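Q: I need the structure of the sequence given here:
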Amino acid sequence: MSTERAINYDFKAGLEPVAAFSVCGISAVISNEDGKASDSINALWQDFFARQVAQVIPERENDVIYAVYSDYQGDHTKPYRLTLGYKVAGLPVSGHRDFYTVRVEDGIYASLSSQGPQPQSLIETWMSVWESDLDRAFRTDFELYGPRFFEDGVHEVLVYIGLNGQGG
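A: The predicted structure follows:
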């Protein structure tokens, strides 16, 4: 990851306002109902790196990878769309017919940090979200894979959960 395209950030868990933004990348509809969500998500990540998505989206704002959950067909037990990509200003330039652009809604998001061995730490974070009493909107949620994700021993993923009545 090049340092000139990386972002620096301080993070504190809690509630955080998020301005709307777009992410362009590859996408798939995932279902937790069939017990194969992990396989589908792993396959999408493999495709993301195999296709070298970062090299194909030169207009990305930085090298931070986003995983955006959108188009929920109910709660977390129902199908949803997962998009892996990069933040872009507006809509990306033409030539990305194979890619999907999703708009992350503005609003207040619950923010959490998942650190440690991945993907186990991230799975545990999502399990705690599913078991929580958060008033989830099920419109857009996202994960941020910034510079600390790639640091040895840290492997931090920031998780943002969209809430009802908080904008959007």
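Q: switch to C-alpha atoms for all contacts and neighbour counts from now on
A: OK.
Q: Tell me where the model's unsure across the chain.
A: 1-13, 90-97, 166-168 (pLDDT under 70).
Q: for it, what spans make up the helices?
A: 37-50, 53-56, 120-131 (DSSP state H).
Q: So for the shortest one, what gets flagged as buried?
A: It stands for helix 53-56. 53, 54 (16 or more other C-alpha atoms under 10 Å).
Q: Would you mind saying which of the helices of the chain lies nearest residue 106?
A: For the helices of the chain, the distance to residue 106 is smallest for helix 120-131, at 19.8 Å, taking C-alpha to C-alpha.
Q: number of nearby residues for residue 164?
A: Taking other C-alpha atoms under 10 Å as the neighbour definition, residue 164 ends up with a count of 16.
Q: Wait, it touches residue 137, no?
A: Yes - in this structure residue 164 lies within contact range of residue 137 using C-alpha atoms under 8 Å: 4.5 Å.
Q: thinking again about what came up before, distance to residue 17 added to the helices of the chain, as TSV?
A: Output for the helices of the chain, formatted as TSV (distance: least, C-alpha to C-alpha, whole Å):
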stretch	distance to residue 17
helix 37-50	27
helix 53-56	27
helix 120-131	18
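Q: quick one, which of these is nearest to residue 67?
A: Taking the helices of the chain one by one with C-alpha to C-alpha, helix 37-50 is closest: 9.7 Å.
Q: which residues in this structure form strands?
A: 14-18, 21-30, 60-70, 80-88, 100-104, 107-114, 136-145, 157-163 (DSSP state E).
Q: Now do the buried residues in the third one.
A: Meaning strand 60-70. 60, 62, 63, 64, 65, 66, 67, 68, 69, 70.
Q: tell me the angle of it relative to strand 100-104?
A: Strand 60-70 and strand 100-104 are oriented at 80 degrees to each other (axes from the mean of the first three to the mean of the last three C-alpha atoms, to 10 degrees).
Q: Nearest residue to the residue nearest the centre of the chain in space, please, no chain neighbours.
A: The C-alpha lying nearest the average C-alpha coordinate of the chain belongs to residue 67 (C-alpha atoms, centre = their mean; 2.2 Å). In space, and not counting its chain neighbours, residue 67 is closest to residue 84: 4.6 Å by C-alpha to C-alpha, 6 or more residues apart in numbering.
Q: Enumerate every residue touching that neighbour.
A: The neighbourhood of residue 84, defined by C-alpha atoms under 8 Å, 6 or more residues apart in numbering, consists of 23, 24, 25, 26, 27, 44, 45, 48, 65, 66, 67, 68.
Q: swap in residue 28?
A: Contact partners of residue 28, counting by C-alpha under 8 Å, 6+ apart, are 44, 81, 82, 83.
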